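J.: Generate a structure from the sequence data that follows.
(one chain, ligands or ions: 1)
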Amino acid sequence: MNLTKDLTRLVTRIAGTALAMAVAGQAVAQDLPVRGEPRPGEMGLQDPATSLMRELVWLDNMLLWIIGPITVFVTALIIWVIVFHNRRANPVPARFTHNSPLEVAWTVVPIFILIFIGSFTVPALFRQQIMPEAEVTIKVTGYQWFWGYEYVDHNVEFNSFMLERDELEEYGYEQRHYLLATDTAMVVPVGRDVVVQVTAADVIHAWTIPAFGVKQDGVPGRLAELWFNVDEPGIYFGQCSELCGQAHAFMPITVRAVPEADYIAWLEGEGAENLAMAPGYDQYRGAIELAVAED
Ligand SMILES: [Cu+2]
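T.: So this is what the prediction gives:
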């Protein structure tokens, strides 16, 4: 952890100059590498940023090893039938209609294949759908056509709109982030269990970050949940994934995963209440007091 820099930033913040706050805010933005974004010509999934997504990538690869041989086998059977069992090659067809051993085999073998697959996918599904004890709880609301974020423990609330092409640089993004970057972002601490409550205010939207391996429909009148725990600091992009109307393509999602101290400093800057509920707050407080004492 970059303790010295964090401390300097916190101390200047305590001094309370608006300039120092602006500089600190910018430093957070520029420090963060973009880790979760689509790349041109990409064939596979995005690099996983959570344990859930690592598991999904593994499952995806494992299934390819099963579906690949099955596809080759079925294609070979079709070719074999076409070549050797057409009217010219085989003018007198066999007359039998049943073959019990074969029928048992083509019923039982797929059952075992499905049981094998299920023994990995069902536990993975449970890991996604059973919520851990939330260390950070964020309520996300889909609107036509932007996202609203609410840090329910801290009374912090804001909306998130897509950046136009000519605004990207001003916010520290590049042109390739058009349709992905937003003016404000969901900020989360790395290494903490974040539970996101997803809903919508008008029509059905869907909140997703591909690198996190999460996707959840936001349905008006209902509160669904998803969770993730981000491995590394970075910027991660997603896009609304449920056709929600004319500007469906223009309500992207930006998540900034930051070190804990930056997360608390950000909350503080947003005027958060109940800061003590933020994960790692005691440590953060201790670090500030230490820095002040050394001054
Ligand atoms: Cu939408």
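
J.: ok, M131 touching V195?
T.: Yes - counting by Cβ atoms under 8 Å, M131 touches V195, with 5.5 Å between them. The C-beta positions use only the backbone N, C-alpha and C, and glycine is treated the same way.

J.: Touching both of the two, which residues are there?
T.: E225, W227 (Cβ atoms under 8 Å, 6 or more residues apart in numbering).

J.: Between the two, which has more neighbouring residues?
T.: Between M131 and V195, counted using other Cβ atoms under 10 Å, V195 has the larger neighbour count: 18 against 14.

J.: Grab the nearest non-local neighbour of the more buried one.
T.: Leaving aside its chain neighbours, V195 sits nearest to A134 (3.7 Å; criterion: Cβ to Cβ, 6 or more residues apart in numbering).

J.: H205 now?
T.: According to Cβ to Cβ, 6+ apart, the nearest residue to H205 is G142 (2.8 Å).

J.: ok, now how distant is the one you found from Q197?
T.: To Q197, G142 is 12 Å away according to Cβ to Cβ, to the nearest Å.

J.: of these two, who's got more company?
T.: Using other Cβ under 10 Å, the more surrounded residue of G142 and Q197 is G142, with 27 against 21.

J.: and the gap between that one and the ion?
T.: Distance, G142 to the ion, by Cβ to the ion, to the nearest Å: 5 Å.

J.: One more: P210?
T.: From P210 over to the ion (counting by Cβ to the ion), the distance is 16 Å.

J.: and if you look at A76?
T.: Distance from A76 to the ion, by Cβ to the ion: 44 Å.

J.: Which pLDDT value belongs to that residue?
T.: Looking at A76, its pLDDT is 98.

J.: which SSE is it in?
T.: helix 51-84 (DSSP states H and E).

J.: Show me what counts as buried in the helix or strand just after that helix.
T.: As assigned by DSSP H and E, the chain's next helix or strand after helix 51-84 is helix 100-129. Of all the residues in helix 100-129, those buried under the rule 16 or more other Cβ atoms under 10 Å are T121, Q128.
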